[in-house]
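Engineer: turn this into a model:
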Amino acid sequence: MGLLFTQVANDLRMTHEINDGWRRGIRRTACGLAFMLACGLCPAVPAAAAAVTLNTPPVPATPAVFTLGSLKSSTYVIHRGRKTWAQFTMDVRVHSQNEIPVTITGIGRSGAGLKLLSPEKRDPYVLEPGQSVRFSLKYEITSCNAVQQGDWPIPIRVRTDDGESIAYASLLLSKIAPKYRVNAPWQAALAEQACTAR
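Structural biologist: Okay, here's the model as predicted:
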């Protein structure tokens with residue numbers, strides 16, 4: 001503080017010499033500043049104000065969680081002239097494992113070898129915690145060989161107070177293998193059944 005006061009005094013002396021005497025306004029201001037510095041009355045600049053404030057990203061919302069169950073399914077082949085194609089439908093039960101109500105706004109998607117025929121977007125449906133709702137999915141098989149054989153979760157579009165999001169839930173169905181019944185991803189089991197009937 002002593003060094004700072006000395007520096008201020010020197011600056012004031014130089015100002016006095018350059019201006020050939022004090023002006024009334026300059027003298028009052030300079031003396032007041034010197035007094036404040038000497039007495040420690042000038043407010044210190046907080047270190048946090050000088051530091052760069054980083055934008056902290058918001059905490060992401062907890063993703064919605066659902067479990068799926070198949071209520072019924074059917075496969076069929078359509079013949080029209082020389083054209084033949086296979087389709088299948090599946091009624092799926094969507095059970096909410098969330099602690100707050102969520103609004104479902106859509107379900108399903110198209111993919112390799114599969115074209116979604118049922119609406120991807122649905123009328124908003126509010127699903128309470130622990131409750132279930134039933135949806136029907138309809139697909140056309142565009143290529144039997146292209147259908148994914150591994151896990152292919154079903155997307156469920158939801159809306160909460162935190163905004164729009166997509167939750168994915170897996171579903172296994174039973175299919176008849178050459179020698180025994182096995183569980184397989186839903187799209188692989190239904191596509192195999194429909195393509196075999198073709």
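Engineer: now the element after the strand or helix carrying Val133, going C-ward?
Structural biologist: Assessed by DSSP states H and E, Val133 sits inside strand 132-141. Where DSSP H and E defines the elements, the next helix or strand beyond strand 132-141 is strand 154-160.
Engineer: can you tell me what sits against whatever helix or strand comes next after that following strand?
Structural biologist: Later in the chain than strand 154-160, the nearest helix or strand by DSSP H and E is strand 163-169. Contacts with strand 163-169, where a contact means Cβ atoms under 8 Å, 6 or more residues apart in numbering, come from 61, 63-68, 94, 105, 153-159. Where C-beta positions appear, they are placed from N, C-alpha and C, glycine not excepted.
Engineer: can I get strand 163-169 in PDB, CA atoms only?
Structural biologist: The C-alpha trace of strand 163-169 is given here as PDB (Å, rounded to 0.1, in the frame of the first residue of the first chain):
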ATOM      1  CA  GLY A 163     -38.400 -31.400 -23.900                       C
ATOM      2  CA  GLU A 164     -38.600 -34.000 -26.700                       C
ATOM      3  CA  SER A 165     -36.500 -37.100 -26.700                       C
ATOM      4  CA  ILE A 166     -36.300 -40.700 -28.000                       C
ATOM      5  CA  ALA A 167     -36.200 -43.800 -25.900                       C
ATOM      6  CA  TYR A 168     -35.100 -47.100 -27.300                       C
ATOM      7  CA  ALA A 169     -36.400 -50.500 -26.000                       C
END
